[in-house]
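*Asks:* Below are the sequence and a predicted model for it; my questions follow.
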Amino acid sequence: MKKGVNKPILAVGPFHPLQEEMEYFQLTVDGEIVTDIDVRISYNHRGIEGLSETLQFDQVPFLVSRVCGICSASHPLAYVQAVEEIGGINPPERALYVRSIINELERIHSHLLWVGLAGHFIGYDTVFMWAWKYREPVLDLLEEITGNRNNYGNVKVGGCREDVSDDAIPRIHKDLNEIEKKTEMLTKAVLDDPIIHARLKGVGVLTKESSVEYAVAGPTARGSGIAIDVRHDDPYAAYADLDWQVITQTEGDVFAKAVVRLLEVLESVKMIRQAVKKLPKGPIAVEVKEIPPGEGCGRAEAPRGETFHYVRSDGGNRPIRHKVRAPSYVNVPSFRASCIGQHIADVTITLAAVDPCYSCTERLAVVDGRKNIVHDYEGLLKLSREKTAQIKKEIGAPELKLEDF
Amino acid sequence: MSWKIWSLKKSVWVFHVNTGACNNCDIEIVNLLTPRYDVERLGIKLVGSPRHADALLVTGVVTAQAAPRLREVYRQTSKPCVVFAMGACACHTGIFNGGYHVVGPVDKIIREVDPNAIIAYVPGCPPKPEAMISGVVKALSVL
Amino acid sequence: MNQEELNNRLSEIRDKLINIEQTMDSRIFLLCEAENSFAVSRFLFKDLSLRFVIATGIDSEDCFEILYHFSNDETGCVVTVKAFIRDRENPSIESITPFIPAAEWIEREIHDILGIEIKNHPNMRRLILADDWPEGVYPLRKDFKR
């Protein structure tokens, strides 16, 4: 144990606050500025790749749907695409459209979830409550179509397991209109609010160079001007048939990433409308008998970025190797580049901007050199909100007004 | 009925613990605070420390790394307390059964610390918020 | 870069490869011995500016394989370096983290689950297995008993 340490360690402990060990996110601080960070990610390791080798090809989608709750449509989609590559299997067109619809609905509710959490971290609890309220109709819609609010179990090798019924379509349009209206209103409010500008602009900047070094993906990359999006670069499902744009911003700060996500929600609404309108008639799956030996790479654009699955088959009925790469695996380490030099009051929102699992962000704490907690997650949250309150006082702007709340 | 149990039933302070979950259950737990479900009107409040909690909402399979921490949190939680195993993973490790890094489920680990622990199971993957509320209410009504 | 240019430039490192396999237009596999994987990966990242996606470690009975997946985002082509580690007793490979910081985690993970030594890794420590997971037990090796 070092004596007279003047570089206390900021640790992220999952179950705060009286733990002696440092866990999860370890941040080194100099005074109140972050100088380095380390991450320990053993908590969530459930050995999914190992389990995959014990399951049959058709059982794996149910497993990988649960890699991450909010990317639960993207993981099975990337996996079945990898297997379809091995077998040269082409799902019917209707299946491709249904896959796109489900994935875009997931993107909408994931981004709204993020907006809510970001609001919570900076002290805008009305935004939190509001965003999560408007997330609910999307979950209801997904439940109507697939049977579950989360973990849809909708894809299989060769197509989809459930169809979008004609009855669901008027409801889809009605709900989308509502979501679009509310998101437009929220986007405008956020883009115009001087307090949010002061609080989030220039905070947690991830430069373009760092984005390349850390190979980040999704809104984390697009917020720093890197226009990568699997739906555009390596089109899958029905995306090549839809008219849409990749959304980017250049500043790389938390504000830029927030704008990317909000605008993506609006873009997703447009895409779902097109997909529903163009939904081809026909079957939603082809029959698949065997998977020959071979290897395939499947990828999908999850709300957090590129999800990549590599599958190898030896002709049997199980994968002999299944590599799962979630987007957070490359995005979370980049937190190092965007967090160094930041004030500890900005740590929660900078981490949130990378959009890791909700539980990951709970695992933040500051400890001193003797591993006593100086600031736990609650404390860091409080610092973040106090900073917002301070800015509000200095600017003297009115409270963010959101209709219908 | 002891006054401790009586007061616990009037207003439940819960502490959320993730022992290795996909986050779906965790998000549905946070959903409970949002306008549609609004559990604060039922007196259910999420607190920041196990020492203030009457109940633990535990999600996840309990990975090898999380097990010691879960035991520690249970020890720190003021008694009497109820442990809610939220979701299929917490109830019986769910689809991750047999994983090399999975040492749970939750009741196995908790009973290593306290064989008489009060554990309530809320299955589902994830359990709907209505199921969670129903589970909490049901458990408290039989205490 | 477009696909034609990519194919042309890949010929520049042909001498370091055992073979080039193309399973479809947008999936290219560059097979090489482990000794050459560093040079090939560096060529793809620095010279061709491909984006690093992830690496996959595989226990293939008679050897170990490490697949480094890169993406050419302009065309959606995935270029995978398939490195063969023939020495099963003491498997090792050169780290690519010094020039691709994004590879730091996955190289640590491959070490955790397959026991492959990653030479000159700047931060080799346990990543995903628990603190009390026994040393020398590699869960993704074929001989691992559950």
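*Replies:* Thanks, I have it.
*Asks:* Now do the strands in chain B.
*Replies:* B:13-18, B:45-46, B:55-59, B:82-86, B:118-122 (DSSP state E).
*Asks:* between those strands, which gets nearest to chain C?
*Replies:* Judged by CB to the nearest CB, the one of the strands of chain B that comes nearest to chain C is strand B:13-18, at 15.5 Å. All C-beta atoms are positioned from the backbone trio N, CA, C, and that covers glycine.
*Asks:* Centre of the chain to whichever strand or helix holds A:Arg273, how far?
*Replies:* Per DSSP states H and E: A:Arg273 is located in helix A:254-278. Centroid separation between helix A:254-278 and its chain, computed with CA atoms, centre = their mean, to the nearest Å, is 14 Å.
*Asks:* Run through the neighbouring helices and strands of that helix.
*Replies:* Using 3 or more CB pairs under 8 Å, 6 or more residues apart in numbering or on different chains; DSSP states H and E, the elements in contact with helix A:254-278 are helix A:93-122, helix A:168-192, helix A:194-200, helix A:219-222, helix A:347-354.
*Asks:* Between helix A:347-354 and that helix, find me the angle.
*Replies:* Relative orientation of helix A:254-278 versus helix A:347-354 (axes from the mean of the first three to the mean of the last three CA atoms, to 10 degrees): 30 degrees.
*Asks:* quick revisit: going by mean pLDDT, which of the strands of chain B comes out lowest?
*Replies:* Across those, strand B:45-46 has the smallest mean pLDDT, namely a mean of 83.
*Asks:* just checking, what packs against that strand?
*Replies:* Applying 3+ CB pairs under 8 Å, 6+ apart, one finds that strand B:45-46 makes contact with strand B:13-18.
*Asks:* before we move on, back to that, out of the strands of chain B, nearest to C:Ser71?
*Replies:* Proximity to C:Ser71 (CB to CB) singles out strand B:13-18 among these, at 31.8 Å.
*Asks:* Now that closest one - C-alpha only, PDB.
*Replies:* The C-alpha coordinates for strand B:13-18 follow below in PDB (Å, rounded to 0.1, in the frame of the first residue of the first chain):
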ATOM      1  CA  TRP B  13     -37.000   0.000   0.000                       C
ATOM      2  CA  VAL B  14     -35.300  -2.000  -2.600                       C
ATOM      3  CA  PHE B  15     -31.700  -2.300  -3.700                       C
ATOM      4  CA  HIS B  16     -30.900  -3.600  -7.100                       C
ATOM      5  CA  VAL B  17     -28.100  -6.100  -7.700                       C
ATOM      6  CA  ASN B  18     -26.900  -7.300 -11.100                       C
END
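*Asks:* partner strands of that strand, parallel or antiparallel?
*Replies:* Note on strand B:13-18: by DSSP bridges, its sheet partners are strand B:45-46 (parallel), strand B:55-59 (parallel).
*Asks:* Model confidence score at the residue nearest to B:Gly87 when sequence neighbours are not counted, please.
*Replies:* Computed as CB to CB, 6 or more residues apart in numbering or on different chains, the closest residue to B:Gly87 that is not its neighbour in sequence is B:Cys25, at 3.9 Å. B:Cys25 carries a pLDDT value of 89.
*Asks:* Please apply the same query to A:Phe405.
*Replies:* You'll see A:Phe405 listed with a pLDDT of 43.
*Asks:* repeat for A:Lys281
*Replies:* For A:Lys281, the predicted pLDDT is 95.
*Asks:* which outside residues touch stretch C:138-145?
*Replies:* Residues outside stretch C:138-145 that contact it (CB atoms under 8 Å, 6 or more residues apart in numbering or on different chains): A:47, A:49-50, B:100-101, C:57, C:59, C:61, C:112-115, C:129, C:137.
*Asks:* for stretch A:274-286, that is, sorry about that
*Replies:* A:89-95, A:97-98, A:100-101, A:104, A:156, A:158-164, A:169, A:172-173, A:238, A:241-244.
*Asks:* Please enumerate the helices of chain B.
*Replies:* Ranges of helices within chain B are B:3-10, B:24-31, B:67-76, B:88-92, B:106-113, B:129-142, based on DSSP state H.
*Asks:* can I get the ones you listed in JSON lines with mean neighbour count?
*Replies:* Shown next, in JSON lines, are the helices of chain B (neighbours: other CB atoms under 10 Å in any protein chain shown):
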{"stretch": "helix B:3-10", "mean neighbour count": "12"}
{"stretch": "helix B:24-31", "mean neighbour count": "24"}
{"stretch": "helix B:67-76", "mean neighbour count": "20"}
{"stretch": "helix B:88-92", "mean neighbour count": "26"}
{"stretch": "helix B:106-113", "mean neighbour count": "18"}
{"stretch": "helix B:129-142", "mean neighbour count": "16"}
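*Asks:* What parts of the stretch 51-200 of chain A come near chain C?
*Replies:* Residues of the stretch 51-200 of chain A found near chain C (CB under 8 Å from any CB of the partner chain) are A:Glu85.
*Asks:* pLDDT weak spots in the stretch 51-200 of chain A?
*Replies:* Within the stretch 51-200 of chain A, not a single segment meets pLDDT under 70.
*Asks:* Just want the residue of it that's nearest chain C.
*Replies:* Residue of the stretch 51-200 of chain A nearest chain C, by CB to the nearest CB: A:Glu85 (7.1 Å).
*Asks:* Just give the nearest non-adjacent residue to that residue, would you?
*Replies:* Closest residue in space to A:Glu85, ignoring its immediate chain neighbours: A:Gly296 at 3.2 Å, by CB to CB, 6+ apart.
*Asks:* Shouldn't that neighbour be within a strand?
*Replies:* Yes: under the criterion used here (DSSP: H, G, I helix; E, B strand; the rest coil), A:Gly296 sits inside a strand.
*Asks:* Tell me how many other residues crowd it.
*Replies:* Number of residues near A:Gly296 (other CB atoms under 10 Å in any protein chain shown) recorded here: 25.
*Asks:* separation between it and chain B?
*Replies:* 23 Å (CB to the nearest CB, to the nearest Å).
*Asks:* Contacts only, for that residue.
*Replies:* Each residue near A:Gly296 by CB under 8 Å, 6+ apart is listed here: A:Gln81, A:Ala82, A:Val83, A:Glu84, A:Glu85, A:Ile86, A:Tyr310, A:Val311, C:Thr23, C:Arg27.
*Asks:* repeat for B:Tyr121
*Replies:* Counting by CB under 8 Å, 6+ apart, B:Tyr121 has contacts B:Phe84, B:Ala85, B:Ala90, B:Cys91, B:Asp107, B:Gly135.
*Asks:* Count the neighbours of A:Gln249 for me.
*Replies:* By other CB under 10 Å, neighbour count at A:Gln249 equals 18.
*Asks:* and if you look at A:Asp30?
*Replies:* A:Asp30, neighbours per other CB under 10 Å, totals 11.
*Asks:* Which strand residues bridge it?
*Replies:* With DSSP bridges applied, A:Asp30 shows beta-bridge pairing to A:Ile33.
*Asks:* A:Ile391: helix or strand, and which one exactly?
*Replies:* helix A:377-395.
*Asks:* What is that helix packed up against?
*Replies:* Using 3+ CB pairs under 8 Å, 6+ apart, helix A:377-395 is in contact with helix A:93-122, helix A:194-200, helix A:347-354.
*Asks:* Please tabulate those in JSON lines, including the columns mean neighbour count and distance to chain B.
*Replies:* JSON lines is the format used below for these (neighbours: other CB atoms under 10 Å in any protein chain shown; distance: least, CB to the nearest CB, whole Å):
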{"stretch": "helix A:93-122", "mean neighbour count": "25", "distance to chain B": "7"}
{"stretch": "helix A:194-200", "mean neighbour count": "21", "distance to chain B": "21"}
{"stretch": "helix A:347-354", "mean neighbour count": "27", "distance to chain B": "14"}
